[in-house]
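# Compute the structure for the input listed below.
(2 chains)
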Protein chains: 2
Amino acid sequence: MTNLIPTTEPLHIFNSLSRKKEVFLPIHPNHVGMYVCGPTVYGDAHLGHARPAITFDLVFRYFRHLGYKVRYVRNITDVGHLENDADEGEDKIARKARLEQLEPMEVVQYYTVRYHKNMDQLNVLRPSIEPHASGHIIEQIEMIKKILAAGYAYESDGSVYFDVEKYNQTHPYGILSGRKIDELISNTRELSGQNEKRNSFDFAIWKKADPTHIMRWPSPWGDGFPGWHMECSAMGCKYLGEQFDIHGGGMDLLFPHHESEIAQSTVANGKPPVRYWMHNNMITLNGQKMGKSLGNAMSLDDIFTGNHPLLAQAYSPMTIRFFILQAHYRSTLDFSNEALQAAEKGLKKLLFADETVKKLKPATGAASQNIEAIAKACYDAMNDDFSSPMAIASLFEAVKLINAANDGHLKLNPNDLELLKQLMDVFLFDILGLRAEDAGTDHHLVEGLMETIIGLRQEARARKDFATSDLIRDGLAKLNIVLKDGKEGTSWEMK
Amino acid sequence: MTNLIPTTEPLHIFNSLSRKKEVFLPIHPNHVGMYVCGPTVYGDAHLGHARPAITFDLVFRYFRHLGYKVRYVRNITDVGHLENDADEGEDKIARKARLEQLEPMEVVQYYTVRYHKNMDQLNVLRPSIEPHASGHIIEQIEMIKKILAAGYAYESDGSVYFDVEKYNQTHPYGILSGRKIDELISNTRELSGQNEKRNSFDFAIWKKADPTHIMRWPSPWGDGFPGWHMECSAMGCKYLGEQFDIHGGGMDLLFPHHESEIAQSTVANGKPPVRYWMHNNMITLNGQKMGKSLGNAMSLDDIFTGNHPLLAQAYSPMTIRFFILQAHYRSTLDFSNEALQAAEKGLKKLLFADETVKKLKPATGAASQNIEAIAKACYDAMNDDFSSPMAIASLFEAVKLINAANDGHLKLNPNDLELLKQLMDVFLFDILGLRAEDAGTDHHLVEGLMETIIGLRQEARARKDFATSDLIRDGLAKLNIVLKDGKEGTSWEMK
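Modelled structure (predicted):
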């Protein structure tokens, strides 16, 4: 892929680390290394999974459009993520496995397959590499050894903890989240096992497995499993190097997960791991935080089928995708039936205009409508921290021109028409990642059309209009359809 | 799921180990543990991948139908499988990565995603667990330690080899393949590095990585990677236990892969790993062995699109599935256009009969047609080493009755009709895993039907038959279709 027009604005990214927009400069020219935190696979994907997936799919697609070679790593967390994102409590996967009487990896497989199905429905491209945390225990152990060797961790009763206080003496702990160590002390609840730690804000990088824990591996510190934050540090480093361009995730992961990643990688490799940290904002529901405990959480399958008391109807995967792209990824986004219905309508309008523009005939010599300006606005929007809502607004400018031309109120010269076609195709499908959704309704349509045709044939026969009924027979024969007249009416079948 | 009729024949499986059919007795009542060798993901899936996947999908589905709780493990080989299935030469994944200038795990991700897509098209269910070899290095190292400790392996220049001669002194090496050690000596080519081995027929269980090798992990013997046969022994044991019920794979894996697995697991765990070994036979093409070097290999995508000089047409995934199921899994199967076209026709006939039987009306008091006998024949076939061709032959007996009833030559009482419906549904969809394939053609059909309807309307208008043209307008309106008359004819769109 390549730009439709020469662009002038360089790509800016809002860096959570500096809290401002910065020009994007890749570490290796023409290459982008990007790591995004993927799901913990112990339940069905919900809206909260759709937003980061679609946000960073947009980023992935746009970099590819600009001609970058992108290595996009998105992990699967299948071990070490404990309840409440804490150092104590049960592993989320192990808990589900216990409840369902399954091997933990059966739980992982089940929900990973369903996650992929949902992501495919949302037209989210598969990342370049999708590593499993449980598949990189050695890499995590090796990194823990490095952290211990550097003096920033300590072993305690078979577990290994990161020494935050020591780190904070020489490194800016809180650089990403803005948290201060003294605030953390008062915020940390006392939990069982806390006494293993020197300070309550230290975090586990290796956890001892008690005798009944299934997910366990041998290590220099005895049988155990890695702390949740280790996997991303270890896998990011393995596949993208000690320093890479972009690390993304939801804002809820900023602390402690990403703050811990920075600390771990910095002491293990002697440098900060990531140049640009990107965080998408959250989705609320009718203005409220979404959550299982609040009773307003809904899975993507619920939304696609309309099977939830808060839903007025089903919303298609593309409606959800468009709804998410209509907001800037750093804004909060409120999920409501009204907003979804508006998104459905807007999407239909855009896709319909794309169909229309393909059928328009150019008018040689017509005055230019300055389509370049619309295209430039689309690129400028994307270059301004991936502003999909601004890009979409500019595409609606294009839609106005297309509809005016279709209604005969406007003539488009060949250059304008060609650029319009490309602009719609490239932005709608390649960059925004939308697609037409009609396959599901075709079957219903075929049934309906056949009913209409059989009705017409009945009418024709009733008035002895055999020319028409022959016309019908011949038309259907071309489509390999045979009509069968029986006692209970006419049926049809494919030859 | 549960049986449609009480069955009398117990399930028999042809055990490659005993070379005869044996009654299946699970290790744990009502549970089946099954391990099947999955793909080495360095290229697109071809017919040779479809056969084992469909064969063991049939086995998986049938056990589930019988009410067993099945844990089905099928691995992804992403490290350690060297060219020519030998101990020397380049790793297949690493070679592809080098040629494509990618990280090896990018190659793995790319082809794994494509493999899954093809398997979904073939309606092959995902296994319960799908472990990656590269994700189980620790488990393989631990097992190698056990083999060394038992005295059946030796370290040599950073690699570890299995001592086949020593094993053969006390264990029946060749028990599965029937090969004899003295035959192996003369068949083994002298390759570089062979001098590290005590005997040419010894095989690597850990390979030293040379300095440029990317896929490497630390081990007690230095940096390296596991030998190809290790992964299945280690992952089978991890997820199914030291002894499990069924191990499957293609006949080409019988030696050295499966023979080596038996030797490794037997000395590591002190018992043979598997009760029933099952092997599917190969697919030939027009009577010839298929192979990339022979120029007659074709990917599944080639077959589904018809994009290969040896193909007379495209064949749908369900045609391929039915074609494979029409032969017993232990028979060779010859791929030819004639055979495929026959399968396509046969499948259509079965699916059409399934549609028909749903529309039939029962005739109370009609004499019994003994549908139980057909159902019993279907079960007997499946219980006779999963004989899908015999089951399909019995289903065609059912088709005869259905068609006769549909043509009015036969009456079916309510019991017969109900059992027929269930028999068709359960065997076609649940057990054989077929499905109706029409979604892809519907779009084309809609276009064709609309063309026919627009033609009819034109005719009606020409003869001023406004009643008919109104009928058409109303029929289409019900389907949300609007006609638009323009200078260049009539077009249509969805409201």
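# residue in the stretch 201-350 of chain A nearest to chain B?
Minimum separation of the stretch 201-350 of chain A from chain B (Cβ to the nearest Cβ) falls at A:Trp217, amounting to 5.3 Å. Where C-beta positions appear, they are placed from N, C-alpha and C, glycine not excepted.
# How about that residue, nearest residue that isn't a chain neighbour?
A:Ile137 (4.8 Å; Cβ to Cβ, 6 or more residues apart in numbering or on different chains).
# element containing the one you found?
helix A:137-149 (DSSP states H and E).
# quick one: buried residues of that helix?
By 16 or more other Cβ atoms under 10 Å in any protein chain shown, the buried positions in helix A:137-149 come out as A:Ile137, A:Ile138, A:Glu139, A:Gln140, A:Ile141, A:Glu142, A:Met143, A:Ile144, A:Lys145, A:Lys146, A:Ile147, A:Leu148.
# Quick one: list the elements packing against the helix or strand containing A:Lys348.
Element membership of A:Lys348, judged by DSSP H and E, is helix A:337-359. Using 3 or more Cβ pairs under 8 Å, 6 or more residues apart in numbering or on different chains; DSSP states H and E as the contact criterion, the elements in contact with helix A:337-359 are helix A:317-325, helix A:388-406, helix A:414-425, strand B:489-494.
# if you set the cut-off to 6 Å instead, what comes out?
helix A:317-325, helix A:388-406, helix A:414-425 (3 or more Cβ pairs under 6 Å, 6 or more residues apart in numbering or on different chains; DSSP states H and E).
# Pick the most buried one from the ones you listed.
Using mean count of other Cβ atoms under 10 Å in any protein chain shown, the stretch among the helices and strands packed on helix A:337-359 with the largest mean neighbour count is helix A:317-325, at a mean of 24.
# Other residues contacting that one?
A:51, A:54, A:121-122, A:304, A:340, A:343-344, A:347, A:388, A:432, A:434, A:437 (Cβ atoms under 6 Å, 6 or more residues apart in numbering or on different chains).
# can you tell me which two in these are farthest apart?
Farthest pair in the contacts of helix A:317-325 (Cβ to Cβ) is A:Phe304 and A:Ser388. Separation: 21.4 Å.
# ok, now how distant is the residue nearest to A:Trp217 from B:His279?
A:Ile137 sits 33 Å away from B:His279, taking Cβ to Cβ, to the nearest Å as the criterion.
# Next: A:Asp91.
38 Å.
# So these two - more neighbours on which side?
Comparing A:Asp91 with B:His279 by other Cβ atoms under 10 Å in any protein chain shown, the one with more neighbours is A:Asp91, at 25 against 22.
# what's the helix holding A:Ile137 packed up against?
helix A:228-240, helix A:259-269.
# Any chance of TSV for those, columns distance to B:His229 and mean pLDDT?
Below are these laid out as TSV (distance: least, Cβ to Cβ, whole Å; pLDDT from 0 to 100):
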stretch	distance to B:His229	mean pLDDT
helix A:228-240	26	97
helix A:259-269	34	98
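# Get me the contact residues on chain A for chain B.
Counting by Cβ under 6 Å from any Cβ of the partner chain, chain A comes close to chain B at A:105-106, A:109, A:113, A:126, A:128-130, A:132, A:135, A:137-138, A:217, A:439, A:442-443, A:445-446, A:448-449, A:452, A:475, A:479.
# Just give me the neighbour total for the residue in the stretch 51-200 of chain A that chain B sits nearest to.
Across the stretch 51-200 of chain A, the shortest distance to chain B (Cβ to the nearest Cβ) belongs to A:Gly135, at 2.6 Å. Burial of A:Gly135 is recorded as 23 neighbouring residues (other Cβ under 10 Å).
# How about the contacts made by it?
B:His132, B:Gly135.
# My impression was that it belongs to a helix - is that right?
Yes: A:Gly135: assigned to a helix according to DSSP: H, G, I helix; E, B strand; the rest coil.
# what residue is smack in the middle of chain A?
A:Ala53 (1.2 Å; Cα atoms, centre = their mean).
# correct me, but it touches A:Val124?
Yes: between A:Ala53 and A:Val124 there is a contact at 4.8 Å, judged by Cβ atoms under 6 Å.
# Tell me the gap between the helix holding A:Ile137 and the middle of its chain.
30 Å (Cα atoms, centre = their mean, to the nearest Å).
# send the alpha carbons of that helix over as PDB?
Provided in PDB are the C-alpha atoms of helix A:137-149 (Å, rounded to 0.1, in the frame of the first residue of the first chain):
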ATOM      1  CA  ILE A 137       8.300 -19.600  30.900                       C
ATOM      2  CA  ILE A 138      12.000 -20.000  30.100                       C
ATOM      3  CA  GLU A 139      12.300 -16.500  28.700                       C
ATOM      4  CA  GLN A 140      10.600 -15.100  31.900                       C
ATOM      5  CA  ILE A 141      12.900 -17.200  34.200                       C
ATOM      6  CA  GLU A 142      15.900 -15.900  32.300                       C
ATOM      7  CA  MET A 143      14.700 -12.300  32.700                       C
ATOM      8  CA  ILE A 144      14.000 -12.800  36.400                       C
ATOM      9  CA  LYS A 145      17.600 -14.100  36.800                       C
ATOM     10  CA  LYS A 146      18.800 -10.800  35.200                       C
ATOM     11  CA  ILE A 147      16.700  -8.700  37.500                       C
ATOM     12  CA  LEU A 148      18.000 -10.600  40.500                       C
ATOM     13  CA  ALA A 149      21.600 -10.300  39.300                       C
END
